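Trainee: 3D model of this:
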Amino acid sequence: MGRQHWKKIWIGSAGNMVEWYDWFVYASFATYFAGAFFPDGNPTAQLMNTAGIFAVGFFMRPVGGWLLGRVGDRRGRKAALTLTVTLMSASAVLIAVAPTYAVAGYGGALVLLVARLLQGLSVGGEYAASATYLTEASAPGHRGFASSFQYVSMTAGQILGLGLQILLQRTMSDEALHSYGWRIPFVVGALGAAVVFYLRRSMLETEVYEAGATGGEERGTLRALWRHKREAFLVMALTMGGTVAYYTYTTYLTKYLSNSAGLPKQTATLVSFTALIVFACLQPLAGRLSDRIGRRPLLITFAVGSTVLTVPIMTLLRRADSFWPALGLSLLALVVVTGYTSINACVKAELFPTGVRALGVALPYALANALFGGTAEYVALWFKDAGAESGFFWYVAACAAVSLVVYITMRETRDLDLTRMKDAEASRLTPAS
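Mentor: Numbering: from 1, shown residues only. Predicted coordinates:
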């Protein structure tokens, strides 16, 4: 790929990294600030409260998907990406200065809730804007490879968050972390967002958008999306299994290892940190493989592996009593998930024509995440609180099984020419009968 392609991928990925750093830092530091915003009591109940607010952010993602998807289709991918990082910066500042329960009662939880609503708006548009941008900015025959950097950057954001958590755990006392240390990563996130805002102001628009942004007043509208309702439902169905598995083995993993397996928080964090580094390195390799053999083989491999292996992996993880067994099982799970994460961005973008691509990816993906990804952690904690934790393992496997049916019946999208893709061509990308 040429220098301009790499520049577009770098700027798009850098912003995505900061967006998802802020998004995941909430989850990774929840064990430290859960008690700050709610009355003393059952630690699992406090985690459920913070997980509930985490899930609320997901329910704002469809709104953000609609709003920012519309901006991306009507004003350009650059405009949408700049707006998302602005919203994310504001939410990080709010969390950093939110008062505790001891100071303002439930007022602090309300500030936390508002911040999560802003994050939901931002990330709801960020996913589609970056997925569309990275797919359109890539050279022909390299869309799988280029779009895989979306999850490289998403995972890099989480790695940075976990790395900072490890650093703070080693340099601050546990009491200090629970008291004020958890605010530090949100300050860092706000500063990072300011830097990315500057970078995105100078980013280049994609040639595919400039060449194909036609459709007048209907560009980026729900009416235009309705003409591609089959593709929209396809995005929701193929997202279902992948998003549940991804959030299970990333945002929930650290809490699961410490709250269920009984590993020390420092060990659980190190397991997640190490596993995610390997996971990030796998994304471009799998994306490049999809450019050679197609998207469907990787998606099917993920769904079969997740359906069959989730229950035994999660059961064994609960019994893991040290770093290495936990790391090995976590890596196995993330290798399986790579079949989805490495290419899902380009697969969804390849389903829609240019004039409705950002909205077509954003809204149905955000709806699927609100229903399944955002609630995964809460569902897991609900099963645990009810004394039937293994029920969650079967839930994850069942979601993957549903997506497997979709992957088997959908058609291949690898060889589409996005610059020549019209509405009629998009309508043929429905599941095979």
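Trainee: V208 against T419, yeah?
Mentor: Yes - in this structure V208 lies within contact range of T419 using CB atoms under 8 Å: 5.6 Å. Quick note: C-beta positions are derived from backbone N, CA and C, even for glycine.
Trainee: Neighbour count for those two, which is higher?
Mentor: Neighbour comparison, V208 and T419: the larger count goes to V208, with 22 against 12 (by other CB atoms under 10 Å).
Trainee: For the more buried one, which residues are in contact?
Mentor: Under the criterion of CB atoms under 8 Å, 6 or more residues apart in numbering, the contact list for V208 reads 136-137, 354, 418-419.
Trainee: Let's see that with 6 Å instead.
Mentor: Taking CB atoms under 6 Å, 6 or more residues apart in numbering, we find V208 in contact with 136, 418-419.
Trainee: list the buried ones in the lengthiest helix in the chain?
Mentor: Among the elements of the chain assigned as helix by DSSP state H, the one spanning the most residues is helix 107-137. Applying a neighbour-count criterion of 16 or more other CB atoms under 10 Å, the buried positions in helix 107-137 are 108-109, 111-113, 115-137.
Trainee: Next, count neighbours for M154.
Mentor: 29.
Trainee: so where is the chain shaky, pLDDT-wise?
Mentor: Judged by pLDDT under 70, the chain has its weakly predicted residues at 1-2, 39-48, 54, 212-216, 420-433.
Trainee: tell me how far stretch 92-106 is from the chain's mean position?
Mentor: When C-alpha coordinates are averaged (CA atoms, centre = their mean, to the nearest Å), stretch 92-106 and its chain have centres 25 Å apart.
Trainee: List the buried residues of it.
Mentor: 92-96, 98-101.
Trainee: got a list of contacts for it?
Mentor: 22, 36-37, 108, 111-112, 115, 183, 186-187, 189-190.
Trainee: Looking at the residues you listed, which is nearest Y365?
Mentor: Set against Y365, the nearest of the contacts of stretch 92-106 by CB to CB is D22 (19.0 Å).
Trainee: wait, doesn't the closest one sit right on G189?
Mentor: Yes - with contact defined as CB atoms under 6 Å, D22 and G189 form a contacting pair (4.1 Å).
Trainee: Redo the buried residues of stretch 92-106 as TSV? Include distance to C281 and secondary structure.
Mentor: Formatted as TSV, the entries for the buried residues of stretch 92-106 read as follows, by distance: CB to CB, whole Å; DSSP: H, G, I helix; E, B strand; the rest coil:
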residue	distance to C281	secondary structure
A92	27	helix
V93	32	helix
L94	34	helix
I95	30	helix
A96	31	helix
A98	35	coil
P99	41	coil
T100	39	coil
Y101	41	helix
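Trainee: After the helix or strand containing S306, which helix or strand is next?
Mentor: Under the assignment given by DSSP states H and E, the secondary-structure element containing S306 is helix 296-319. Helices and strands here follow DSSP H and E; after helix 296-319, the next one along the chain is helix 323-341.
Trainee: how far out from the middle of the chain is that following helix?
Mentor: Taking CA atoms, centre = their mean, one finds helix 323-341 lying 17 Å from the centre of the chain it belongs to.
Trainee: Name the next helix or strand following it along the chain.
Mentor: On the C-terminal side of helix 323-341, the closest following helix or strand by DSSP H and E is helix 344-349.
Trainee: Run the angle between the helix or strand following that next one and helix 107-137 for me.
Mentor: Using DSSP H and E, the helix or strand that follows helix 344-349 towards the C-terminus is helix 357-368. With axes from the mean of the first three to the mean of the last three CA atoms, to 10 degrees defining the directions, helix 357-368 sits at 140 degrees from helix 107-137.
Trainee: could you say what helices and strands helix 357-368 packs with?
Mentor: Other helices and strands packing on helix 357-368, by 3 or more CB pairs under 6 Å, 6 or more residues apart in numbering; DSSP states H and E, are helix 61-74, helix 107-137, helix 229-249, helix 344-349.
Trainee: ok, now with 10 Å
Mentor: helix 43-59, helix 61-74, helix 77-97, helix 107-137, helix 207-212, helix 222-226, helix 229-249, helix 344-349 (3 or more CB pairs under 10 Å, 6 or more residues apart in numbering; DSSP states H and E).
Trainee: now for the ones you listed, which one comes closest to V18?
Mentor: Distances from V18 to each of the helices and strands packed on helix 357-368 were compared using CB to CB; the shortest belongs to helix 77-97, at 6.7 Å.
Trainee: residue contacts, the nearest residue to A320 once chain neighbours are set aside?
Mentor: For A320, ignoring the flanking residues on the chain, the nearest one in space by CB to CB, 6 or more residues apart in numbering is A326 at 4.0 Å. Residues touching A326, when contacts are defined by CB atoms under 10 Å, 6 or more residues apart in numbering, comprise 253, 256-257, 261, 263, 267-268, 270-272, 274-275, 316-317, 319-320.
Trainee: Out of those residues, grab the one that's most surrounded.
Mentor: The residue in the contacts of A326 with the most neighbours, by other CB under 10 Å, is S272 (31 neighbours).
Trainee: which ones are touching V271?
Mentor: Counting by CB under 10 Å, 6+ apart, V271 touches 162, 253-254, 257-258, 261, 263, 317, 320, 322-331.
Trainee: ok, now with 6 Å
Mentor: Neighbouring residues of V271 by CB under 6 Å, 6+ apart: 326-327, 330.
Trainee: what sits against the residue nearest to F352 when sequence neighbours are not counted?
Mentor: Nearest-residue entry for F352: G360, 3.6 Å, with adjacent residues in sequence omitted and distances by CB to CB, 6+ apart. Residues counted as contacts of G360 (CB under 6 Å, 6+ apart) are 225, 228, 352.
Trainee: No further questions, thank you.
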